[in-house]
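Trainee: Below are the sequence and a predicted model; questions follow.
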Amino acid sequence: KEQLEKVLMLYPQLKQIYQFVKQFKEILYSKDIYKIDKWIKEVKELNIPELNSYISGIERDFEAVKNAIIYEYSNGLAEGIINKIKVIKRIMYGRCSFELLKQKVLLLNFN
């Protein structure tokens, strides 16, 4: 914590970025979608290319971001299982049959 405080003192712009990241986290947990517009406007004023790119991503899929703020549930569990299946499939690529892939996926999901 002391090191973080020293770094933030030395680099004022990094301190601003750190504050914006904390604010974004607070917005996600506050369930108040109206705060996100103000936050985006403030971040854009910094005019940091990396943050502008992040904001562009948020604006491209703004509906999904709003839903993530409003609702407590997500599709994270399903995405995790799909990712696991894809990893197994990549490992087995070209060596095995679908039947063996199915057995391997079922075996890993029940252990």
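Mentor: Yep, it's here.
Trainee: where are the low-confidence patches of this protein?
Mentor: Filtered on pLDDT under 70, the chain yields the residue ranges 108-111.
Trainee: now with 80?
Mentor: Low-confidence segments of the chain, defined by pLDDT under 80: 74, 91-98, 101-102, 104-111.
Trainee: Just the buried residues of the longest helix seen in the chain, please?
Mentor: Counting residues, the longest helix found in the chain (DSSP state H) is helix 12-30. Buried positions in helix 12-30, judged by neighbour count with 16 or more other Cβ atoms under 10 Å: Q16, I17, F20, Q23, F24, I27. Yep, even glycine has a C-beta here, placed from its N, CA and C like the rest.
Trainee: How about stretch 48-57?
Mentor: Neighbour counts using 16+ other Cβ under 10 Å place I48, L51, Y54, I55 of stretch 48-57 among the buried residues.
Trainee: any idea how far the first one is from I33?
Mentor: By that I understand I48. 24 Å (Cβ to Cβ, to the nearest Å).
Trainee: Got the domain ranges for this protein?
Mentor: The chain resolves into domains spanning 1-70, 75-110 when parsed by the TED database.
Trainee: which residues touch V21?
Mentor: Contact analysis of V21 by Cβ atoms under 8 Å, 6 or more residues apart in numbering lists nothing.
Trainee: do the one 10 residues further on as well
Mentor: With contacts defined as Cβ under 8 Å, 6+ apart, the neighbours of K31 are I69, I70.
Trainee: element containing R95?
Mentor: Assigned by DSSP states H and E, R95 falls within no helix or strand.
Trainee: again, but for E63
Mentor: E63 belongs to helix 62-70, assigned by DSSP H and E.
Trainee: again, but for K44
Mentor: Element membership for K44, per DSSP H and E: helix 34-46.
Trainee: Report the distance from that helix to the chain centre.
Mentor: Here helix 34-46 is found 18 Å from its chain centre; the criterion is Cα atoms, centre = their mean, to the nearest Å.
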